[in-house]
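A.B. asks: Let's see this in three dimensions:
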Amino acid sequence: MKILCISDQIDPLVYSPSIKERFGGVDLVLCAGDLPMEYLDFVVSSLNKPLLFVFGNHDLSDFYYYRKDRSAPLQWENRVFTGATHVGSKIKTEEGLIVAGLGGSMQYNRGDNQYTNFQMYLEILKLIPGMLINRLFRGRYLDILLTHASPEHIHDRDDPCHRGFRAFLWFMRVFKPKYLIHGHIHLYDLSEVRTTWYEQTLVINAYSHYIIDTEEHNHEQH
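C.D. replies: Numbers count the residues shown, from 1 in each chain. Predicted coordinates for the structure are as follows:
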């Protein structure tokens, strides 16, 4: 199975009339946040493949709609309706893969969709009942954890905004997803590390775009 992962930057290779020639062979698209809904709509419409996403710490104009917070101000008439599916603090099975989502970043200015480590643990608690059911009936908790921020000390930065979550390290040790796919950390140099193994999980920075071939990784040693 091939998965197109996108985040944080509108990639001209993706946002292109030739998107179907380049990426038509993918089975699933995952967005790790901070991309406009219009871009997700373009990808879904062009590839006609399922797209799951979480919100980051920017591009939050539709955040309250997907969190079902009807009391929050929202420009409903300006909403962009896409075929993309929000999986923030939820679990969704798509193309046979169990995907859980945890959006947002570390709290740095008390803005929307920002969390302390403790608050992120509380978001994880929301996923546990569904993961236990998956473990009971499917033999595994999940396959992919889709996040915006990275785990602590894996691809993260020293500034408060870009610090990773310690809660994600605990999540990987306990629930053992095959992949943790995150965004938030921009890559300005091709030599920067994009993939890192942690325990049994391959952590991938989806910045701009990245293709996962699950068959290749099944044979990787770490």
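
A.B. asks: Name the SS class of residue 131, please.
C.D. replies: Of the three states, residue 131 takes helix under DSSP: H, G, I helix; E, B strand; the rest coil.

A.B. asks: Tell me the spacing between it and residue 181.
C.D. replies: Residue 131 sits 17 Å away from residue 181, taking C-beta to C-beta, to the nearest Å as the criterion. All C-beta atoms are positioned from the backbone trio N, CA, C, and that covers glycine.

A.B. asks: More neighbours: which of these two?
C.D. replies: Neighbour count, other C-beta atoms under 10 Å: between residue 131 and residue 181, residue 181 has more, with 27 against 20.

A.B. asks: ok, that one touching residue 145?
C.D. replies: Yes: because the distance of 7.4 Å satisfies C-beta atoms under 8 Å, residue 181 is recorded as touching residue 145.

A.B. asks: how about the nearest residue to residue 177 once chain neighbours are set aside, secondary structure?
C.D. replies: The shortest distance from residue 177 to any non-neighbouring residue, by C-beta to C-beta, 6 or more residues apart in numbering, is to residue 145 (4.6 Å). The three-state assignment at residue 145 reads strand, by three-state DSSP.

A.B. asks: Tell me what residue 145 is bridged to.
C.D. replies: Counting by DSSP bridges, residue 145 is bridged to residue 100, residue 180.

A.B. asks: low-confidence ranges in the protein?
C.D. replies: The chain contains residues with pLDDT under 70 at 68-81, 217-222.

A.B. asks: need the helices for it, in chain order.
C.D. replies: Along the chain, counting by DSSP state H, helices occupy 19-23, 37-47, 63-66, 117-138, 166-175, 214-218.

A.B. asks: any chance of those in CSV, plus distance to residue 188?
C.D. replies: As requested, the helices of the chain are exported to CSV (distance: least, C-beta to C-beta, whole Å):
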stretch, distance to residue 188
helix 19-23, 23
helix 37-47, 20
helix 63-66, 27
helix 117-138, 27
helix 166-175, 23
helix 214-218, 26
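
A.B. asks: Which one of these lies nearest to residue 90?
C.D. replies: Ranking the helices of the chain by proximity to residue 90 (C-beta to C-beta) places helix 117-138 first, at 7.7 Å.

A.B. asks: ok, back up a step: would you tell me which of the helices of the chain gets closest to residue 3?
C.D. replies: Of all those, helix 214-218 comes closest under C-beta to C-beta, at 7.1 Å.
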